[in-house]
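K.L.:
Sequence isn't available, so here's the structure alone:
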(Lines give C-alpha, C1' and ligand atoms only; values in the text may rest on other atoms or scores of the structure.)
Protein backbone atom coordinates (compact mmCIF):
# COMPACT_ATOMS: atom_id res chain seq x y z
CA UNK A 1 0.00 0.00 0.00
CA UNK A 2 1.17 3.50 -0.86
CA UNK A 3 2.30 5.59 2.08
CA UNK A 4 0.44 8.84 2.73
CA UNK A 5 2.71 11.47 4.28
CA UNK A 6 0.73 14.16 6.12
CA UNK A 7 3.40 15.36 8.55
CA UNK A 8 5.08 18.10 6.52
CA UNK A 9 5.23 20.51 9.48
CA UNK A 10 7.69 18.03 11.06
CA UNK A 11 9.81 17.72 7.92
CA UNK A 12 9.40 17.69 4.15
CA UNK A 13 10.86 15.44 1.45
CA UNK A 14 13.96 16.85 -0.26
CA UNK A 15 13.22 18.41 -3.64
CA UNK A 16 15.12 16.64 -6.46
CA UNK A 17 16.33 20.02 -7.84
CA UNK A 18 17.74 20.84 -4.40
CA UNK A 19 19.59 17.52 -4.31
CA UNK A 20 21.03 18.27 -7.78
CA UNK A 21 22.27 21.66 -6.59
CA UNK A 22 23.88 20.04 -3.52
CA UNK A 23 25.57 17.09 -5.29
CA UNK A 24 28.69 18.89 -6.60
CA UNK A 25 29.46 20.01 -3.02
CA UNK A 26 29.17 16.44 -1.78
CA UNK A 27 31.54 15.21 -4.50
CA UNK A 28 33.95 17.39 -6.52
CA UNK A 29 33.72 20.76 -4.71
CA UNK A 30 34.73 19.42 -1.32
CA UNK A 31 37.13 22.20 -0.30
CA UNK A 32 36.99 23.79 3.14
CA UNK A 33 35.52 27.31 2.70
CA UNK A 34 38.25 28.64 5.03
CA UNK A 35 41.13 27.34 2.86
CA UNK A 36 42.88 29.97 0.73
CA UNK A 37 43.62 27.86 -2.40
CA UNK A 38 41.18 27.44 -5.30
CA UNK A 39 39.24 24.47 -3.82
CA UNK A 40 38.52 26.54 -0.71
CA UNK A 41 37.69 29.67 -2.69
CA UNK A 42 35.09 27.77 -4.76
CA UNK A 43 33.40 26.63 -1.54
CA UNK A 44 33.58 30.11 0.01
CA UNK A 45 31.97 31.54 -3.14
CA UNK A 46 29.13 29.00 -2.91
CA UNK A 47 28.44 29.99 0.72
CA UNK A 48 28.45 33.71 -0.04
CA UNK A 49 26.26 33.30 -3.13
CA UNK A 50 23.78 31.32 -1.02
CA UNK A 51 23.82 34.11 1.56
CA UNK A 52 23.08 36.72 -1.13
CA UNK A 53 20.23 34.60 -2.51
CA UNK A 54 18.63 34.20 0.94
CA UNK A 55 19.07 37.91 1.73
CA UNK A 56 17.55 38.96 -1.60
CA UNK A 57 14.50 36.73 -1.12
CA UNK A 58 13.88 37.88 2.47
CA UNK A 59 14.72 41.50 1.57
CA UNK A 60 17.54 41.68 4.11
CA UNK A 61 21.19 42.65 3.80
CA UNK A 62 23.61 39.69 3.24
CA UNK A 63 25.49 40.81 6.38
CA UNK A 64 22.31 40.14 8.40
CA UNK A 65 22.05 36.46 7.39
CA UNK A 66 23.95 33.81 9.38
CA UNK A 67 23.85 30.09 8.59
CA UNK A 68 23.25 27.72 11.53
CA UNK A 69 22.38 24.06 12.10
CA UNK A 70 18.65 24.85 12.15
CA UNK A 71 15.83 26.65 13.93
CA UNK A 72 16.71 25.40 17.41
CA UNK A 73 20.27 26.73 17.31
CA UNK A 74 19.06 30.01 15.78
CA UNK A 75 16.48 30.59 18.53
CA UNK A 76 18.94 29.61 21.28
CA UNK A 77 21.50 32.05 19.87
CA UNK A 78 19.03 34.95 19.66
CA UNK A 79 17.49 34.43 23.11
CA UNK A 80 20.87 33.96 24.84
CA UNK A 81 22.32 37.01 23.10
CA UNK A 82 19.37 39.22 24.04
CA UNK A 83 20.00 38.42 27.73
CA UNK A 84 23.81 38.28 27.76
CA UNK A 85 24.74 40.94 25.22
CA UNK A 86 21.76 43.28 24.84
CA UNK A 87 20.95 43.76 28.51
CA UNK A 88 17.46 42.21 28.60
CA UNK A 89 16.52 41.14 32.14
CA UNK A 90 12.90 40.23 31.50
CA UNK A 91 11.48 37.81 28.90
CA UNK A 92 7.91 37.79 27.62
CA UNK A 93 6.91 34.66 25.72
CA UNK A 94 3.78 32.52 25.30
CA UNK A 95 2.84 29.09 26.64
CA UNK A 96 2.39 27.77 23.07
CA UNK A 97 5.89 28.38 21.67
CA UNK A 98 8.00 25.60 20.17
CA UNK A 99 10.16 23.83 22.77
CA UNK A 100 13.29 25.36 21.20
CA UNK A 101 12.04 28.67 22.61
CA UNK A 102 10.12 27.48 25.68
CA UNK A 103 12.94 25.40 27.13
CA UNK A 104 15.49 28.14 26.43
CA UNK A 105 13.51 30.89 28.20
CA UNK A 106 12.76 28.52 31.09
CA UNK A 107 16.49 27.80 31.38
CA UNK A 108 17.31 31.53 31.43
CA UNK A 109 14.68 31.98 34.14
CA UNK A 110 15.94 29.02 36.22
CA UNK A 111 19.56 30.26 36.14
CA UNK A 112 18.35 33.64 37.38
CA UNK A 113 19.51 35.47 34.24
CA UNK A 114 16.04 36.89 33.48
CA UNK A 115 12.53 37.04 34.88
CA UNK A 116 9.85 35.40 32.73
CA UNK A 117 6.23 36.33 31.93
CA UNK A 118 3.75 34.58 29.64
CA UNK A 119 1.33 36.54 27.54
CA UNK A 120 -2.30 35.34 27.57
CA UNK A 121 -3.50 33.15 24.70
CA UNK A 122 -7.06 33.67 23.46
CA UNK A 123 -9.39 30.64 23.10
CA UNK A 124 -8.85 30.69 19.31
CA UNK A 125 -5.10 30.25 19.86
CA UNK A 126 -4.06 33.83 19.04
CA UNK A 127 -1.82 35.92 21.27
CA UNK A 128 -3.65 38.54 23.34
CA UNK A 129 -1.92 41.71 22.06
CA UNK A 130 -3.56 43.88 24.73
CA UNK A 131 -2.05 41.65 27.39
CA UNK A 132 1.35 41.90 25.66
CA UNK A 133 1.13 45.70 25.79
CA UNK A 134 0.11 45.56 29.46
CA UNK A 135 3.08 43.32 30.33
CA UNK A 136 5.49 45.60 28.47
CA UNK A 137 4.09 48.77 30.03
CA UNK A 138 4.51 47.27 33.52
CA UNK A 139 8.02 45.95 32.87
CA UNK A 140 10.67 47.95 34.70
CA UNK A 141 13.59 46.24 32.98
CA UNK A 142 14.73 45.93 29.38
CA UNK A 143 12.61 43.17 27.84
CA UNK A 144 12.97 40.46 25.22
CA UNK A 145 9.70 39.48 23.53
CA UNK A 146 9.88 36.06 21.84
CA UNK A 147 6.73 35.03 19.96
CA UNK A 148 6.50 32.68 17.01
CA UNK A 149 5.20 33.81 13.63
CA UNK A 150 3.10 30.69 13.02
CA UNK A 151 2.36 27.93 15.49
CA UNK A 152 3.71 24.55 14.40
CA UNK A 153 0.80 22.60 15.91
CA UNK A 154 -2.35 24.64 15.27
CA UNK A 155 -1.10 26.92 12.48
CA UNK A 156 -2.16 30.27 13.99
CA UNK A 157 -0.33 33.25 12.50
CA UNK A 158 0.76 36.21 14.62
CA UNK A 159 1.06 39.64 13.01
CA UNK A 160 4.80 40.44 13.17
CA UNK A 161 4.20 44.13 12.45
CA UNK A 162 1.64 44.48 15.25
CA UNK A 163 3.93 42.78 17.79
CA UNK A 164 7.03 44.56 16.48
CA UNK A 165 5.42 47.98 16.77
CA UNK A 166 4.34 47.31 20.36
CA UNK A 167 7.92 46.22 21.14
CA UNK A 168 9.28 49.39 19.50
CA UNK A 169 7.04 51.54 21.69
CA UNK A 170 8.58 50.03 24.85
CA UNK A 171 12.13 49.69 23.46
CA UNK A 172 11.96 45.87 23.68
CA UNK A 173 13.99 43.36 21.68
CA UNK A 174 11.80 41.18 19.43
CA UNK A 175 12.73 37.63 18.40
CA UNK A 176 10.33 35.57 16.29
CA UNK A 177 10.57 31.85 15.57
CA UNK A 178 9.63 31.94 11.87
CA UNK A 179 10.59 28.32 11.15
CA UNK A 180 7.10 27.43 9.88
CA UNK A 181 6.84 30.52 7.65
CA UNK A 182 10.25 31.09 6.00
CA UNK A 183 9.89 29.33 2.65
CA UNK A 184 6.08 29.43 2.94
CA UNK A 185 5.35 33.17 2.91
CA UNK A 186 6.95 36.27 1.39
CA UNK A 187 9.14 38.21 3.83
CA UNK A 188 10.25 41.83 3.72
CA UNK A 189 12.66 42.06 6.62
CA UNK A 190 13.86 45.57 5.79
CA UNK A 191 10.36 46.79 6.55
CA UNK A 192 9.50 44.48 9.45
CA UNK A 193 10.14 45.72 13.01
CA UNK A 194 11.97 42.59 14.26
CA UNK A 195 15.51 42.01 15.60
CA UNK A 196 15.87 38.25 15.08
CA UNK A 197 14.11 35.68 12.87
CA UNK A 198 14.89 32.03 12.20
CA UNK A 199 14.53 29.47 9.40
CA UNK A 200 15.10 25.74 8.84
CA UNK A 201 15.77 24.22 5.42
CA UNK A 202 13.89 20.98 5.98
CA UNK A 203 10.52 22.71 6.42
CA UNK A 204 10.38 23.68 2.72
CA UNK A 205 11.91 20.71 0.85
CA UNK A 206 15.52 21.60 1.68
CA UNK A 207 18.05 19.51 3.65
CA UNK A 208 17.98 18.86 7.40
CA UNK A 209 20.67 20.25 9.68
CA UNK A 210 20.83 23.73 8.17
CA UNK A 211 19.04 26.93 9.12
CA UNK A 212 19.43 30.67 9.25
CA UNK A 213 19.41 33.36 11.87
CA UNK A 214 18.61 36.89 10.70
CA UNK A 215 20.19 39.48 12.99
CA UNK A 216 19.10 43.04 12.27
CA UNK A 217 22.15 45.13 11.32
CA UNK A 218 21.57 47.52 14.26
CA UNK A 219 22.02 44.67 16.74
CA UNK A 220 25.53 43.72 17.92
CA UNK A 221 25.91 40.39 19.70
CA UNK A 222 28.67 37.95 20.62
CA UNK A 223 28.98 34.41 19.21
CA UNK A 224 26.99 31.56 20.75
CA UNK A 225 29.54 28.99 19.51
CA UNK A 226 33.22 29.96 19.91
CA UNK A 227 36.25 28.83 17.90
CA UNK A 228 37.22 29.78 14.37
CA UNK A 229 36.23 32.92 12.50
CA UNK A 230 33.50 31.40 10.29
CA UNK A 231 30.24 33.30 9.58
CA UNK A 232 32.04 36.64 10.10
CA UNK A 233 33.18 35.59 13.59
CA UNK A 234 29.58 34.83 14.60
CA UNK A 235 29.48 31.02 14.42
CA UNK A 236 32.63 28.92 14.71
CA UNK A 237 32.92 25.57 12.95
CA UNK A 238 33.37 24.47 9.35
CA UNK A 239 30.26 25.42 7.41
CA UNK A 240 27.71 22.83 6.32
CA UNK A 241 28.57 23.66 2.70
CA UNK A 242 26.13 21.41 0.81
CA UNK A 243 23.41 22.16 3.37
CA UNK A 244 23.82 25.90 2.85
CA UNK A 245 23.71 25.51 -0.94
CA UNK A 246 20.58 23.33 -0.54
CA UNK A 247 18.89 25.83 1.79
CA UNK A 248 19.30 28.67 -0.71
CA UNK A 249 18.11 26.53 -3.63
CA UNK A 250 15.05 25.30 -1.74
CA UNK A 251 14.15 28.86 -0.72
CA UNK A 252 14.51 30.00 -4.33
CA UNK A 253 12.21 27.25 -5.63
CA UNK A 254 9.65 27.88 -2.86
CA UNK A 255 9.60 31.59 -3.65
CA UNK A 256 9.31 31.15 -7.42
CA UNK A 257 6.35 28.77 -7.07
CA UNK A 258 4.74 30.41 -4.03
CA UNK A 259 1.47 31.56 -5.65
CA UNK A 260 0.68 28.27 -7.32
CA UNK A 261 1.82 25.94 -4.54
CA UNK A 262 0.25 27.84 -1.63
CA UNK A 263 -3.08 27.84 -3.49
CA UNK A 264 -2.81 24.08 -4.10
CA UNK A 265 -1.89 23.29 -0.47
CA UNK A 266 -4.56 25.61 0.95
CA UNK A 267 -7.10 23.84 -1.29
CA UNK A 268 -6.06 20.50 0.26
CA UNK A 269 -6.43 21.86 3.79
CA UNK A 270 -9.94 23.24 3.08
CA UNK A 271 -10.95 20.04 1.31
CA UNK A 272 -9.87 17.88 4.26
CA UNK A 273 -11.59 20.24 6.70
CA UNK A 274 -14.88 19.93 4.77
CA UNK A 275 -14.63 16.15 4.28
CA UNK A 276 -13.98 15.55 7.99
CA UNK A 277 -16.90 17.78 8.98
CA UNK A 278 -19.14 15.94 6.54
CA UNK A 279 -18.16 12.37 7.46
CA UNK A 280 -17.10 12.30 11.12
CA UNK A 281 -19.50 13.13 13.91
CA UNK A 282 -18.24 15.37 16.70
CA UNK A 283 -15.06 16.43 14.91
CA UNK A 284 -13.58 19.80 15.99
CA UNK A 285 -10.69 21.97 14.83
CA UNK A 286 -8.06 23.76 16.91
CA UNK A 287 -6.92 27.33 16.39
CA UNK A 288 -8.14 29.90 13.90
CA UNK A 289 -8.43 27.21 11.21
CA UNK A 290 -10.12 29.23 8.48
CA UNK A 291 -8.79 32.63 9.57
CA UNK A 292 -5.23 33.82 10.20
CA UNK A 293 -3.65 30.43 9.87
CA UNK A 294 -0.92 28.50 8.06
CA UNK A 295 -2.22 27.00 4.82
CA UNK A 296 -0.12 23.89 5.54
CA UNK A 297 -1.51 22.82 8.94
CA UNK A 298 -4.85 21.34 10.05
CA UNK A 299 -5.22 20.47 13.74
CA UNK A 300 -8.18 18.14 14.30
CA UNK A 301 -9.77 16.89 17.53
CA UNK A 302 -11.75 13.66 17.37
CA UNK A 303 -14.14 12.43 20.08
CA UNK A 304 -12.29 10.09 22.43
CA UNK A 305 -13.46 6.47 22.21
CA UNK A 306 -11.72 3.14 22.83
CA UNK A 307 -10.99 3.08 19.13
CA UNK A 308 -9.79 6.65 18.69
CA UNK A 309 -7.38 6.51 21.63
CA UNK A 310 -5.11 4.40 19.43
CA UNK A 311 -5.68 6.70 16.45
CA UNK A 312 -2.09 7.57 15.53
CA UNK A 313 -1.05 3.96 15.93
CA UNK A 314 -3.91 2.80 13.68
CA UNK A 315 -3.06 5.42 11.07
CA UNK A 316 0.56 4.29 11.16
CA UNK A 317 -0.42 0.64 10.62
CA UNK A 318 -2.31 1.84 7.55
CA UNK A 319 0.79 3.70 6.24
CA UNK A 320 -0.60 7.15 7.08
CA UNK A 321 1.89 9.54 8.70
CA UNK A 322 0.46 12.28 10.91
CA UNK A 323 1.35 13.55 14.36
CA UNK A 324 -0.32 14.03 17.71
CA UNK A 325 -0.06 17.78 18.04
CA UNK A 326 3.67 18.04 17.47
CA UNK A 327 6.21 15.58 16.10
CA UNK A 328 8.66 16.64 18.80
CA UNK A 329 6.63 14.70 21.38
CA UNK A 330 5.44 11.81 19.19
CA UNK A 331 7.33 9.18 21.20
CA UNK A 332 6.35 10.43 24.64
CA UNK A 333 2.73 10.45 25.67
CA UNK A 334 3.00 13.77 27.44
CA UNK A 335 0.32 15.22 25.19
CA UNK A 336 0.67 18.60 23.55
CA UNK A 337 1.39 21.72 25.62
CA UNK A 338 -0.19 23.80 22.83
CA UNK A 339 -3.49 21.90 22.84
CA UNK A 340 -3.51 21.97 26.66
CA UNK A 341 -3.17 25.76 26.60
CA UNK A 342 -6.11 26.40 24.26
CA UNK A 343 -8.42 23.39 24.45
CA UNK A 344 -7.91 21.23 27.49
CA UNK A 345 -10.65 18.72 26.70
CA UNK A 346 -9.80 15.22 27.99
CA UNK A 347 -12.57 13.72 25.84
CA UNK A 348 -10.81 14.55 22.59
CA UNK A 349 -7.88 13.09 20.70
CA UNK A 350 -5.90 15.57 18.62
CA UNK A 351 -4.11 14.85 15.36
CA UNK A 352 -2.14 17.33 13.27
CA UNK A 353 -2.26 16.83 9.52
CA UNK A 354 0.19 18.98 7.56
CA UNK A 355 0.44 19.17 3.79
CA UNK A 356 2.98 19.90 1.05
CA UNK A 357 2.99 20.51 -2.70
CA UNK A 358 3.39 16.76 -3.22
CA UNK A 359 0.08 15.80 -1.58
CA UNK A 360 -3.19 15.17 -3.46
CA UNK A 361 -6.96 15.17 -2.90
CA UNK A 362 -6.95 11.40 -3.53
CA UNK A 363 -4.69 10.97 -0.49
CA UNK A 364 -7.16 12.97 1.61
CA UNK A 365 -10.01 10.70 0.43
CA UNK A 366 -7.95 7.67 1.46
CA UNK A 367 -7.26 9.11 4.92
CA UNK A 368 -10.88 10.18 5.51
CA UNK A 369 -12.10 6.68 4.54
CA UNK A 370 -9.62 5.14 6.97
CA UNK A 371 -10.63 7.56 9.75
CA UNK A 372 -14.29 6.64 9.25
CA UNK A 373 -13.35 2.98 9.82
CA UNK A 374 -11.08 3.65 12.79
CA UNK A 375 -13.45 6.05 14.57
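P.N.:
Yep, that arrived. All figures in this text were calculated on a predicted structure; none of them were measured in a lab.

K.L.:
can we go C-alpha only for contacts and neighbour counts from here?
P.N.:
Will do.

K.L.:
quick one, phi/psi of the closest residue to residue 309 other than its chain neighbours?
P.N.:
Once flanking residues are discounted, residue 309 sits nearest to residue 349: 6.7 Å by C-alpha to C-alpha, 6 or more residues apart in numbering. With angles defined as degrees, to the nearest 10, residue 349 sits at phi -110, psi 130.

K.L.:
and residue 349, how far is that from residue 190?
P.N.:
Separation of residue 349 from residue 190 (C-alpha to C-alpha, to the nearest Å) stands at 42 Å.

K.L.:
of the two, who's got more company?
P.N.:
Taking neighbours as other C-alpha atoms under 10 Å, residue 349 and residue 190 compare with residue 349 leading, 22 against 13.

K.L.:
how close does residue 10 sit to residue 297?
P.N.:
Distance from residue 10 to residue 297, by C-alpha to C-alpha: 11 Å.

K.L.:
between the two, who's got more neighbours?
P.N.:
residue 297 (28 against 17).

K.L.:
OK, contacts around that one?
P.N.:
Contact partners of residue 297, counting by C-alpha atoms under 8 Å, 6 or more residues apart in numbering, are 9, 152-155, 269, 352-355.

K.L.:
where do the helices sit along the stretch 251-375 of the chain?
P.N.:
Ranges of helices in the stretch 251-375 of the chain, per DSSP state H, counting those that start in this stretch, are 258-279, 311-317, 337-342, 361-374.

K.L.:
Report the contact partners of the spatially most central residue of the chain.
P.N.:
For the chain, residue 179 is the residue whose C-alpha lies nearest the centre (C-alpha atoms, centre = their mean; 2.3 Å). Counting by C-alpha under 8 Å, 6+ apart, residue 179 makes contact with 71, 198-200, 203.

K.L.:
Next, format the contacts of residue 297 as CSV and append distance to residue 131, neighbour count and pLDDT.
P.N.:
Converted to CSV, the contacts of residue 297 look like this (distance: C-alpha to C-alpha, whole Å; neighbours: other C-alpha atoms under 10 Å; pLDDT from 0 to 100):
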residue, distance to residue 131, neighbour count, pLDDT
9, 29, 26, 97
152, 22, 28, 97
153, 22, 31, 96
154, 21, 30, 97
155, 21, 28, 97
269, 31, 24, 98
352, 28, 26, 97
353, 31, 25, 98
354, 30, 30, 98
355, 33, 23, 98
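
K.L.:
wait, doesn't the residue nearest to residue 309 sit right on residue 299?
P.N.:
No. Counting by C-alpha atoms under 8 Å, residue 349 does not reach residue 299; the two are 10.5 Å apart.

K.L.:
what's the domain layout of this structure?
P.N.:
Listed by automatic domain parsing, the domain ranges of the chain are 4-11+258-374, 16-256.

K.L.:
Now residue 96. Its backbone dihedrals?
P.N.:
Main-chain dihedrals, residue 96, degrees, to the nearest 10: phi -110, psi 20.

K.L.:
Give me the pLDDT for it.
P.N.:
Per-residue confidence (pLDDT) for residue 96: 97.

K.L.:
What's the local residue count around the closest residue to it other than its chain neighbours?
P.N.:
Take residue 96 and drop its neighbours on the chain: the residue closest to it by C-alpha to C-alpha, 6+ apart is residue 338, 4.7 Å away. Residue 338: 23 surrounding residues under other C-alpha under 10 Å.
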